[in-house]
Structure formats: C-alpha cells, structure tokens
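# Just need the structure, nothing else, for what follows:
(one chain, ligands or ions: 1)
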Amino acid sequence: MLKRCLIVVCLGASGLVAAAEPVDLDMVSRIRQEAFHNSQVMATFSHLTEDIGARLTNSPQMAEANAWTRGRFKEWGLANVHDEAFDDFGRGWEFSSATVEMLDGRTQPLHALPKAWTPGTDGPVEGELVQVNIKKLADIETWRGKLGGKILLLGEAREYKRATASDSHRHDATSLEGLQEFTIPKSSANERSKRVKEYEERLELAKAVNTLFAEEGALAAISISSWDNGIIRVAGGGSRKAGEPVGIPELAMIAEHFNPLARALENKQTVKLRVNVAARFTDETNQPGYNTLAEIPGSGRKAAEIVMLGAHLDSWHTGTGAADNAAGVAVMMEAMRILKAVGARPDRTIRVALWSGEEQGLIGSQDYVSRHFAAYPEPAEPAQKALPGSLRNPTGPLQKKRDYDRFSVYFNMDNGSGRFRGIYAQENLAAVPIFEAWLAPFHDVGATTVATRNTGSTDHIPFDRVGLPGFQFIQDRLDYFTNVHHSHLDTWDHVEPEDLKQAAAIVASFAYHAAMREERMPRKPVLERD
Ligand SMILES: [Zn+2]
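This next block holds a predicted model:
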C-alpha cells in the first residue's frame, strides 16, 4: 500500500476550505519521472503525423491509424483493445495531388488544395474562369446555362487584414486570471429555432449549388481560404454520403492568389486556368466509422466503474493533423503507457478512447456515449432526425444505460498542442477543489488554474450533455487559431515536445487519482432541455 499525502486546498475568492482531497505524491513522482525522463510521446506523435499523415475519417490512412494505435496499446500491455463501430458515417475519401495554373499571358502556379469529399478532375482540365456569387436559392436560376465548360471562382476578393499581435500566444498571470471570471449566458429562448433554420437553409443551398454545377458541366470551382498569409484552411465540401450530389471538383486557394483572379475578372480580363486534382472516394457505399478503445482494468470492488480519457484520431486532410489532433492522441496514449510503466494498479478501470468523426460533428464520441451511457430518445419525425443532436427538439427524458451509474469522469484533449495551464471545471463547482488538489504537484510546470467556465466544441460535450463529468484542460494557444487549425500548416513543426510531455504527466496523474479516489467524480445537475 502506498503512502498517501494530504494536500488541503483553499478556494481562493470564496474563502471556503474544501475537504482534504488525497494526492498520492509518491505516484505523482513516478509518473513525472516516466513522463519527463523516459517519454515516448514524440515517437507516437511522429508516427501519427509523419509516417501515417492526415487521417480523414474513413480514409485508408484513418484505418491505418486505428490499426497502428491498437498495436501500440497491445505492446504496452493494455486490455480490451478493440475498434468499436459507429453506423453509417459515409464514404472514405483521399487525394494525392492538386495543381492550379494560370494560362495565357503570365503563366503562374496558384496554390490551392481540394475540399474533402469533392470529386477529382480525372486528369487536367482547362477552361475560362467566371466569377459566381450564389448567396440564396433564388440566385441559382440566374446561372443556369452559363457555366458549362467553365472554371468557377466562388465569391469576391477579400480585403487583407494585417496582423496586430503575435501569431503565437502563451498564457501569462493576467490571461489566466481572466479565465477565472464566469459569464452568465444571455437567454437563448429563440436561439435554437434560429440555428435550425440557418442550418437547414445552408444545407439546402449547398445541395442545390452542387447539383447546379454538376448539371451545368462546370469543370471545377475555387473558393478563398478562410485565412490570409498563404495558409490554405479548408474542410469538407461535396458530400460523404453515397447517393447525395457531390458537385464538381472544388478547391480552396490562398487569399493572395485568389484576390488577383477576382480583381482580374472584375476588370473584365479573360483568365484561363488549368486544374488537375487527383482525388477519389474510397468506398462505393456508406460505411461505419471506428473508434479505438483500450483499458487498464480496475481491481477490487470498484473495477466495474470507469474513468475515461480520450482525443480524436481523425483529422482534416491537407496538413498531417498534428495539433488537431495527433497531439491529443499522443498525450492520451502516452498517459496510458506511463500508467502501465509505473505499475499503476487502479481501483476503477481506466479506459482510453481515440475517437473518429470528430471533425464532422463529434460523431464517434456522441455515438459511444449514446450506446454505453445515456441518450435522449430518437425523434420520430424525419426532419428532426436529420438534424445534429444539439439542434433537435427535446424528445423526452434521458434514457440511462447500465454504465451511466458506473461512470466517473472523462478527460479530453483537443485545444491544440500547447502546454496545460489548468482545467475548465465546466460549471461543476464540486470538482473545483478536487482539481486544485490534483494540480498542486504540477504548479512548477505551469499548470495552476481551475476555471469554473465551460469550454466547448469537442468530444467531452456528448458526456456533458447527458450530465456526465467531461472536461478539457486549459492550454496555451500557441499558433492554433492563427496558423494551424484545419490548415495545411497543421504539421509536426508547430508542436513543442516539452508541452506534450507535461500534458501526458498531468493526464496520467488525473486519471490515476480519479480511479483511486473514494467516490466517483461529483456530477452537476442534468439540464433537461426545454
Ligand atoms: Zn480537433
């Protein structure tokens, strides 16, 4: 039996003294030793990014990543290593090259990359460029009969916005202090119906546009990258669903090459382009997606209870999915490796999940939570069924599965690759003193802050939505939202090895302490939606 040391923590502003939360400093030392001096996190991260590369959901590379991560888990001695399917994700897709050249007058290569799930060109195509601006369904008919054999420039030139701050950011005392403030949300009574309307309109317009372009026989379409400075920031287009219109080859071009094309057309110049995109759907029919799971089984009377950690293994397709999210995957895998290496024998089972389909709307994690823990009933109407979970009308009380009451806590990493500076408590105030105690042995490596506020938009949300404790760490942003997020610059070079080592140590320690504490993690009340 290991010696337990007690750390008593005060809640700063409130002055409340929390109950003593046990912290096993002997175990923390062993975890830190393994994490800081015997790390394998960069080996894992490097293999995912530089050997496998981009991991678009259901692409052949994603399958390779599922298989490789399973292999690592087995080598490290984890139990119950397996993939778990989620139904009907759609088709896989991959691309191998994309070139756009300006012809006539001044021949020039232009930098653009394809949107995922759009078709390739089947060899080089050449055509005159026309500027097309479709903002609503009513605009569609005005373009009929005008687009055959053309290459389409979608939208207008965008004014260049000069940067006013450094493109890389680390927290300091002031910015961490700022995170301690909680903002009470404004009433959102009509918010959902507004969002549903916008979602449905956007989807309907995209389908109509895809159909028009294909029927017209337009050769390819080019839109502007959503960021400046030569960065190609691009997600999906077309459709991953078999049977839906996929439109025509579509690429996102760097702003500095898109804008001159737009200006030339506005000045009534003729522009001719050659486009060559080698892209293909890798399935004929819709396929399930796969999450990869593994465990360190608990022992004793709490063995059936579950502590989870995870990150999404899928990525977008133009970089190598480094900060988003090989970093999170490498950290979560490393945390499991560390726990095995230090001989941890947790009371509760510690389970790691490497999700897929995150980038298309948290699909893998949402499905997993519904199957294993709890779900709201499926809506009967097809229109409601077609909406993502967060936009549906309430369908009745939460339906809990057996493992709902056996679940303790889920920790996720998906805010880029930056160093951990603390954790968001997701409005679960009873978790605050627990996290403060667990963070204390990591103050010396920069992780000091427990913020009550929420953080959103990734795989802890499906847990949170059904009232299960799911958390994300506060991280240094680095250049996540200026250079790498969903861009072709999301590569190995933008990640700092020491940040990943620090994160892995903290995750391993949090998972261990969650698995060993007397009670499961306290829960906040489920917000039954109105
Ligand atoms: Zn992500």
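# Can you get me a residue count around the closest residue to the ion within the stretch 151-300 of the chain?
The stretch 151-300 of the chain approaches the ion most closely through residue 235 (11.5 Å), counting by Cβ to the ion. From N, CA and C alone the C-beta is placed, and that goes for glycine too. Residues lying near residue 235 (other Cβ atoms under 10 Å) number 15.
# Please name the residues that touch it.
Residue 235 sits next to 115, 116, 316, 359, 486 when contact means Cβ atoms under 8 Å, 6 or more residues apart in numbering.
# Just the buried residues from those, in PyMOL please.
In PyMOL, a selection of the buried entries from the contacts of residue 235 looks like this (16 or more other Cβ atoms under 10 Å):
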select buried, resi 115+116+316+359+486
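# if you look at the contacts of residue 235, which of them are in strands?
In strands, judged by DSSP state E, none of the contacts of residue 235 are found.
# quick check, nearest of the contacts of residue 235 to the ion?
Of all the contacts of residue 235, residue 359 has the smallest distance to the ion: 6.6 Å, by Cβ to the ion.
# That closest one reaches residue 317, doesn't it?
No. If you go by Cβ atoms under 8 Å, residue 359 and residue 317 don't touch, sitting 9.6 Å apart.
# Pick out the residue in the stretch 401-530 of the chain sitting closest to the ion.
With Cβ to the ion as the measure, residue 414 is the residue of the stretch 401-530 of the chain nearest to the ion, at 4.3 Å.
# part of a strand, is that residue?
No. The assignment for residue 414, made by DSSP: H, G, I helix; E, B strand; the rest coil, is coil rather than a strand.
# residue ranges for the helices of the stretch 201-350 of the chain, please.
For the stretch 201-350 of the chain, the helices defined by DSSP state H, counting those that start in this stretch cover 255-266, 327-341.
# any chance of these in TSV, plus distance to residue 63?
Shown next, in TSV, are the helices of the stretch 201-350 of the chain (distance: least, Cβ to Cβ, whole Å):
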stretch	distance to residue 63
helix 255-266	34
helix 327-341	15
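# pull the helix or strand with minimum mean pLDDT from this protein.
strand 5-7 (a mean of 47; mean pLDDT, DSSP states H and E).
# Beyond that one, next helix or strand please.
On the C-terminal side of strand 5-7, the nearest following helix or strand under DSSP states H and E is strand 21-23.
# ok, residues contacting the very next helix or strand once past that following strand?
Using DSSP H and E, the helix or strand that follows strand 21-23 in sequence is helix 25-37. Contacts made with helix 25-37 from outside it, assessed by Cβ under 8 Å, 6+ apart, are listed as 2-3, 5, 41, 334, 338-339, 341-342, 344, 441, 501-502, 504-505, 508-509, 512.
# Okay, and the residue of the chain positioned farthest from its centre sits in which element?
Taking Cα atoms, centre = their mean, the residue of the chain most remote from its mean C-alpha position is residue 105, at 43.2 Å. For residue 105, there is no enclosing helix or strand under DSSP H and E.
# who touches it in this structure?
Contacts of residue 105 by Cβ under 8 Å, 6+ apart: none found.
# Please repeat the previous calculation with a cut-off of 10 Å.
264, 269, 270, 271, 272 (Cβ atoms under 10 Å, 6 or more residues apart in numbering).
# now residue 142
Counting by Cβ under 10 Å, 6+ apart, residue 142 has contacts 132, 133, 134.
# Now render those residues as CSV, adding pLDDT.
What follows is the contacts of residue 142, written out as CSV (pLDDT from 0 to 100):
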residue, pLDDT
132, 97
133, 94
134, 94
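# Just the closest of those to the ion, please.
Among these, and counting by Cβ to the ion, the member closest to the ion is residue 134, at 29.7 Å.
# pretty sure that closest one is in contact with residue 154, am I right?
Yes. Between residue 134 and residue 154 there is a contact at 7.9 Å, judged by Cβ atoms under 10 Å.
# what ranges do the strands span in the stretch 1-150 of the chain?
5-7, 21-23, 79-90, 93-103, 108-110, 112-114, 125-132 (DSSP state E, counting those that start in this stretch).
# ok, which residues in the stretch 201-350 of the chain are in contact with the ion?
Those residues of the stretch 201-350 of the chain that sit near the ion, judged by Cβ under 5 Å from the ion, are 324, 325.
# where in the stretch 201-350 of the chain is pLDDT low?
Of all residues in the stretch 201-350 of the chain, none has pLDDT under 70.
# run the last query once more with 90
203, 245 (pLDDT under 90).
# And the stretch 401-530 of the chain, by the same measure?
Within the stretch 401-530 of the chain, the segments meeting pLDDT under 90 span 456-457, 525-530.
# do that again at 50, thanks
530 (pLDDT under 50).
# Quick check: residue 392 vs residue 302, distance?
35 Å (Cβ to Cβ, to the nearest Å).
# One more: residue 279?
50 Å.
# Between these two, which has more neighbouring residues?
Taking neighbours as other Cβ under 10 Å, residue 279 and residue 302 compare with residue 279 leading, 25 against 20.
# Contacts only, for the more buried one.
Residue 279 sits in contact with 93-98, 113-122, 238, 249-251, 317, where contact means Cβ under 10 Å, 6+ apart.
# Also residue 412?
Residues near residue 412 by Cβ under 10 Å, 6+ apart: 308-312, 325, 328, 332, 353, 355, 358, 365, 455, 458-461, 463, 470-473, 507.
# Equivalent analysis for residue 315, please.
Neighbouring residues of residue 315 by Cβ under 10 Å, 6+ apart: 48-49, 52-57, 59, 61-62, 65, 321-326, 329, 358-359, 486, 490.
# how does it look with 7 Å?
Contact partners of residue 315, counting by Cβ atoms under 7 Å, 6 or more residues apart in numbering, are 54, 55, 56, 321, 324, 325, 359.
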